[in-house]
Structure formats: C-alpha cells, structure tokens
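Novice: sequence and predicted structure below; questions after.
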Amino acid sequence: MGSNNYDRLSELKAFDDTKAGVKGLADAGVTEIPQIFINGDHQKHKLGYKPICCDPNIKIPIVDLEGINKEASLRSEIIDKVRDASEKWGFFQVINHGIPTSILDEAIDGARRFFEQDVEIKKKYYSRDFSQKS
C-alpha cells in the first residue's frame, strides 16, 4: 500500500490542482485507485473500520417510509431502522418516500449533465473550502 516516501499532501495538491475531480481521473484512463483515496491501517480506527464482507446474501438495507406520518409507533420504528442502517452500513435505500420518479430521473440526469461538462466549466465549482458558498 505505500512506501515511507509517500507524500500524501503533494498527491492531494496535484489532484486538487487539476480541478477535474474523480471523473477527471476516469476520463484520463486511471485504472487503479490513487493512494490519496485509500486509508492506511493507521486510519482505520478513525473511520470505524469494518472489513468488507463478500457474502452475496447481504442486501442493502431498505427503509420503507409508508405510513410514517400516520402512526407514532411506526414513525419510531422507521427512525430506528434509519439509525441502525446508518450506523451499520452508512447508507440505505428509501422506498415509499413520495417523490415522483420523474423528479428522481431529472436529478440523476442533472448530475450526469453536470459531470459530463467540459472540465473548464466545472473548475469554478471545485473547492475543498466547505465554508465557501457556490
């Protein structure tokens, strides 16, 4: 995974200077995950590291929001499912949320259109300053 000579800050700066993001790496033909995206063993404890399981029977948690506003006990149960999925997985699928498919499709299309733009157009939005407003 890395030698003692690895300079993460230099690699991160070089990545940031391109302002092309991960899509830029893919477009450039990068076939291996750059080391700046790989957490070393010394960082596992910071991220709540859990080994990846390859069991094909494992399924992404699904949280069904049907009836969330009708019954207090059901609402509490759904909240518990969200908490559990968030803690154990870090993500989950939500169903019966009431958002029309057309809106979801447009959101995906909008993201795709943004990321398929020329790098020069996207550069003005690239920043690591999370306090900066776009």
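Specialist: Yep, it's here.

Novice: check which element follows the lengthiest helix in the chain along the chain.
Specialist: Counting residues, the longest helix found in the chain (DSSP state H) is helix 72-88. Using DSSP states H and E, the helix or strand that follows helix 72-88 in sequence is strand 93-95.

Novice: partner strands of that next one, parallel or antiparallel?
Specialist: For strand 93-95, the paired strands and their directions (DSSP bridges) read strand 62-64 (parallel).

Novice: mind listing what's buried along the partner strand?
Specialist: Neighbour counts over strand 62-64 (16 or more other C-beta atoms under 10 Å) mark V63 as buried. Glycine gets a C-beta too; all of them are placed from N, C-alpha and C.

Novice: can you give me the helices for the chain?
Specialist: Under the criterion DSSP H, the chain contains helices at 8-18, 21-27, 72-88, 101-115, 119-122.

Novice: highest average neighbour count across these?
Specialist: helix 21-27 (a mean of 15; mean count of other C-beta atoms under 10 Å).

Novice: surely K122 touches D27?
Specialist: No - here K122 lies out of contact with D27, judged by C-beta atoms under 8 Å, at a distance of 11.3 Å.

Novice: which residue is nearest the centroid of the protein?
Specialist: With distances taken as C-alpha atoms, centre = their mean, the residue of the chain nearest its centroid is F91 (9.0 Å).

Novice: quick one: that residue and V63, what's the gap?
Specialist: 10 Å (C-beta to C-beta, to the nearest Å).

Novice: now list whatever residues contact both of the two.
Specialist: A85 (C-beta atoms under 8 Å, 6 or more residues apart in numbering).

Novice: one step back: how far is the longest helix of the chain from where the chain is centred?
Specialist: Between the centre of helix 72-88 and the centre of its chain there are 21 Å (C-alpha atoms, centre = their mean, to the nearest Å).
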